[in-house]
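J.: following is a predicted model, sequence given first.
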Amino acid sequence: MKNLALSLIALAICAAPVFAVDNAPQLKGMAMISMELSARIAPREEPFELDRFMPADGLDELAGTWTNFGAEHRFTNGTPNPVSTVILHASLSGFAKAMGETCKEPVLQLNDRFADTLEEICAWPKPEAKIDAVMSGFWLALMGYEAPKQEYVAWRDFFLSSSYRDRPASETVAAMTLAITMNPYFLITK
């Protein structure tokens, strides 16, 4: 699953013409991804940063960041490339693992609404976790409304029909989370 997600992103990035750097898709950057995830799933008074899942300090600058020089502010390193993709994959893998572990015991501070959503999907592989309302609730809580419905359907169908359909919740929820957060609709700005 990890290799498939990484390969799909790399393929999408490589499909863009090299000479069209100004028109190339731009990463949201780790700060924006952290803010979005925090707003969606963390308690308002206790936002979290994805920096704690970074393989090393300072790498977030290589995955899209705002820089300033005097009064000028600009977004740098936002064009997806192999290095930024590896950094994002490593960081989001750590986040996904923590999400899966939270099925067993609290690792992440979550807001009440998302905690309820996670509790429902953490019943996996029981049938009540596989109903569309539970799966779409988890998808929308993390993804938001940026992706078309076909993305959700492909994600849902994969987890219902692959070997994950019978795997433990902690493993499946981690894979589900990584698949959502590595989706180009989640990572790329419009």
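T.: Thanks, I have it. Numbering: from 1, shown residues only.
J.: okay, the residue lying closest to Gly137 once chain neighbours are set aside: pLDDT?
T.: Distances taken as C-beta to C-beta, 6 or more residues apart in numbering put Thr117 closest to Gly137, at 5.0 Å, once the chain neighbours are dropped. Glycine gets a C-beta too; all of them are placed from N, C-alpha and C. As predicted, Thr117 sits at a pLDDT of 97.
J.: count of neighbours near Thr117?
T.: 20 (other C-beta atoms under 10 Å).
J.: which stretches of this protein form helices?
T.: 2-15, 30-41, 82-101, 112-121, 132-143, 149-161, 169-181, 184-187 (DSSP state H).
J.: okay, the ones you listed, which one's buried deepest?
T.: Among these, the stretch with the highest mean neighbour count (mean count of other C-beta atoms under 10 Å) is helix 169-181, at a mean of 22.
J.: so how far is that helix from its chain's centroid?
T.: Mean-position distance between helix 169-181 and its chain equals 9 Å (C-alpha atoms, centre = their mean, to the nearest Å).
J.: angle of that helix against helix 82-101?
T.: 140 degrees (axes from the mean of the first three to the mean of the last three C-alpha atoms, to 10 degrees).
J.: now do helix 169-181: which elements does it pack against?
T.: helix 2-15, helix 82-101, helix 112-121, helix 132-143, helix 149-161 (3 or more C-beta pairs under 8 Å, 6 or more residues apart in numbering; DSSP states H and E).
J.: will you turn those into a markdown table that also has distance to Ala24?
T.: A markdown table is the format used below for the helices and strands packed on helix 169-181 (distance: least, C-beta to C-beta, whole Å):
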| stretch | distance to Ala24 |
| --- | --- |
| helix 2-15 | 9 |
| helix 82-101 | 12 |
| helix 112-121 | 33 |
| helix 132-143 | 22 |
| helix 149-161 | 21 |
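J.: wait, which of those is closest to Val173?
T.: Among these, helix 82-101 comes nearest to Val173, with 4.5 Å by C-beta to C-beta.
J.: closest to Ala174 out of the helices and strands packed on helix 169-181?
T.: Between the helices and strands packed on helix 169-181, helix 82-101 lies closest to Ala174; by C-beta to C-beta that is 3.0 Å.
J.: mind listing what Glu151 touches?
T.: Residues near Glu151 by C-beta atoms under 8 Å, 6 or more residues apart in numbering: Met143, Asn183, Tyr185.
J.: tell me the one of these nearest Thr85?
T.: Asn183 (12.8 Å).
J.: show the contacting residues for Glu120.
T.: Per C-beta under 8 Å, 6+ apart, neighbours of Glu120: Glu128, Ala129, Val134, Gly137, Phe138.
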